[in-house]
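> this one's structure only:
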């Protein structure tokens, strides 16, 4: 039995759960999300005790593997519509910048060492803010850097968009320039030095 799968999900007050065959809908103060779960698991919601449980239909290997996954996905949806998710990134490097497009506030414009500015559009359901923060960079002191904050109810969508922003120019190991997650440690390398002789 999956230890994660058999643990009931506590549903806080103010969150509505709708189960229609394989579709699970969650509605809360921050929005609504839906999931179509695997046919090898069944989802039951008890409104009296505000608890949701996921059960396996059979004991085959695939059913065991999707049991805990389904429970976690539903728990993430409930947390997303009540508290929401947030991911922060910082842009480090001389002349490196991040700003929102003046015409379309859903596009983040990154100036990260390329000839052209790279624009990455946020999907619907996410909000993006750009500000400045003090950040301790390895090998040097605190610097004022651009900070991108991505917020949304869908954990997967927030994480994927943050990964797309980071993929434009991941932090390189020699000077640490690039886009990185807030708090991410970049292992630094020493540059080549001219040998004696």
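Cool, the structure landed. Note that the structure is predicted; figures quoted are calculated from it, not measured. Numbering: from 1, shown residues only.
> what about the helix or strand bottoming out on mean pLDDT in the chain, distance to the chain center?
Within the chain, no helix or strand scores below helix 3-6, which has a mean of 85 by mean pLDDT, DSSP states H and E. Between the centre of helix 3-6 and the centre of its host chain there is 23 Å, according to CA atoms, centre = their mean, to the nearest Å.
> got it, and stretch 53-70?
From the chain centre to the centre of stretch 53-70 is a distance of 25 Å (CA atoms, centre = their mean).
> can you tell me the average pLDDT over that stretch?
Averaging pLDDT along stretch 53-70 gives 92.
> tell me the helices and strands packed up against the least confident helix or strand of the chain.
strand 51-56, helix 61-82 (3 or more CB pairs under 8 Å, 6 or more residues apart in numbering; DSSP states H and E). Where you see a C-beta, it was placed from the backbone N, CA and C, and this is true even at glycine.
> mind running it again at 6 Å?
helix 61-82 (3 or more CB pairs under 6 Å, 6 or more residues apart in numbering; DSSP states H and E).
> residue boundaries of the strands in this structure?
Per DSSP state E, the chain carries strands over the ranges 9-10, 16-20, 23-28, 31-36, 41-46, 51-56, 85-92, 97-100, 107-111, 118-121, 126-136, 142-152, 178-181.
> perfect, that will be all.
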